[in-house]
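Colleague: no letters, just coordinates:
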């Protein structure tokens, strides 16, 4: 698992692909819905208590929509709702949406709770973050605090999230945690020593989508990581990158395999990884112009001068969300189940 190199990777790809336009990263609008069994609408006073330090206003928009706006110097959140809500139609639609996910995803304890919750929905709030999530975490925290206040769930893109921000059901390419942790960082109620919590093997996935003026980029990194009690660490996996021009049906693909060894430690809720040796292999690029880029990306991956540092947002013993300081939530670690050897015919 290598995290800080992701930002370098995105910059490298952007420079090559949009070199002629010198395009800058554009702020991305974020849309979220909050589903709640509470029919009584929220008030300005309630939102002011949740949106610490923000200026909160209420306006009535056309077609009966009520809008609350919470504004900080570097973040704005719009909360919209209508007093009339057809809960029967909306509940059927939500259950239909859930039914399209694979059965094994719908059979988890968290997903079953969500399915049981949906018929109780009595109101929905549409939330818009015009400039996206701020790194201080104010917008993220307001989303989660409002969902908790309303005993509800959040929907963003194609995924459902609980009121703590953890993804309950959704697309694997989408973020496992909604927004930056900010002032609402999540952890276990009873802390577990890091060596006990991390010991063993984990399936790790890192995913990040980046938009610039003339391209959309997606990074998907998957690996198996082993954390040992003596502080040693081993990672082996594959990195895949796709860059898609505007109006293109398919993007340009790049990939490489990697393997690294090193050391790990936990400091103040952060996972710190010290890579001692990293190798890459099987470099592939679908476009001639990107062959040089994949070599540069692999070279970044092999650098071992700086440690990887990220927050650990712990949902339970078997799932940890990773949040890098600069890029926000990047991925998650799921505990890898041990392979059970087949029994011999004479064993019972």
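Modeller: Sure thing, it's come through. Given the structure is predicted, the values throughout are model-derived calculations rather than measurements.

Colleague: now residue 154. Nearest residue, chain neighbours left out?
Modeller: In space, and not counting its chain neighbours, residue 154 is closest to residue 161: 4.3 Å by CB to CB, 6 or more residues apart in numbering. The C-beta positions use only the backbone N, C-alpha and C, and glycine is treated the same way.

Colleague: and what of residue 336?
Modeller: residue 201 (4.1 Å).

Colleague: bridged to the one you found, which residues?
Modeller: residue 226 (DSSP bridges).

Colleague: list the contacts of it.
Modeller: 224, 225, 226, 227, 335, 336, 338 (CB atoms under 8 Å, 6 or more residues apart in numbering).

Colleague: pLDDT value on it, please?
Modeller: pLDDT recorded at residue 201 is 94.

Colleague: again, but for residue 182
Modeller: 55.

Colleague: skipping adjacent residues, who's closest to residue 119 in space?
Modeller: Nearest non-adjacent residue to residue 119 (CB to CB, 6+ apart): residue 91, at 5.3 Å.

Colleague: check which residues of the helix or strand that neighbour falls within are buried.
Modeller: Residue 91 belongs to helix 87-98 when assigned by DSSP states H and E. Residues 87, 90, 91, 94, 98 are the ones in helix 87-98 that count as buried (16 or more other CB atoms under 10 Å).

Colleague: and if you look at stretch 123-140?
Modeller: So stretch 123-140, judged by 16+ other CB under 10 Å, has buried residues 123-127, 129, 133-134, 136-140.

Colleague: measure residue 132 to residue 167 for me?
Modeller: Plainly put, residue 132 is 18 Å away from residue 167 if you go by CB to CB, to the nearest Å.

Colleague: can you tell me the centre-most residue of this structure?
Modeller: The structure's the chain has its C-alpha centroid closest to residue 175; by CA atoms, centre = their mean the separation is 2.1 Å.

Colleague: that one contacts residue 166, doesn't it?
Modeller: No. With contact defined as CB atoms under 8 Å, residue 175 and residue 166 do not form a contacting pair (10.1 Å).

Colleague: who are the contact partners of residue 261?
Modeller: By CB under 8 Å, 6+ apart, the contact set of residue 261 is 232, 233, 234, 235, 275, 276, 277.

Colleague: just those residues now: which is nearest residue 118?
Modeller: Nearest to residue 118 among the contacts of residue 261: residue 235, at 38.5 Å, using CB to CB.

Colleague: can I take it that the closest one is in a helix?
Modeller: No. Residue 235: not assigned to a helix; according to DSSP: H, G, I helix; E, B strand; the rest coil it is strand.

Colleague: what's the burial count for it?
Modeller: Close neighbours of residue 235, defined as other CB atoms under 10 Å, add up to 21.

Colleague: confirm for me that it is in contact with residue 260.
Modeller: Yes. Distance between residue 235 and residue 260: 4.9 Å, which falls inside the contact criterion (CB under 8 Å).

Colleague: may I see the buried residues of stretch 144-151?
Modeller: Buried residues in stretch 144-151 (16+ other CB under 10 Å): 144, 145, 146, 147, 149, 150.

Colleague: out of these, which is nearest to residue 109?
Modeller: Nearest to residue 109 among these, with distances taken as CB to CB, is residue 147, at 19.0 Å.

Colleague: neighbours of residue 45, how many?
Modeller: 8.

Colleague: show me what contacts residue 99?
Modeller: By CB under 8 Å, 6+ apart, the contact list for residue 99 reads residue 106.

Colleague: can you tell me the SS state at the closest residue to residue 94 other than its chain neighbours?
Modeller: Spatial nearest neighbour of residue 94, excluding adjacent residues (CB to CB, 6+ apart): residue 118 at 4.9 Å. Using three-state DSSP, the secondary structure recorded for residue 118 is helix.
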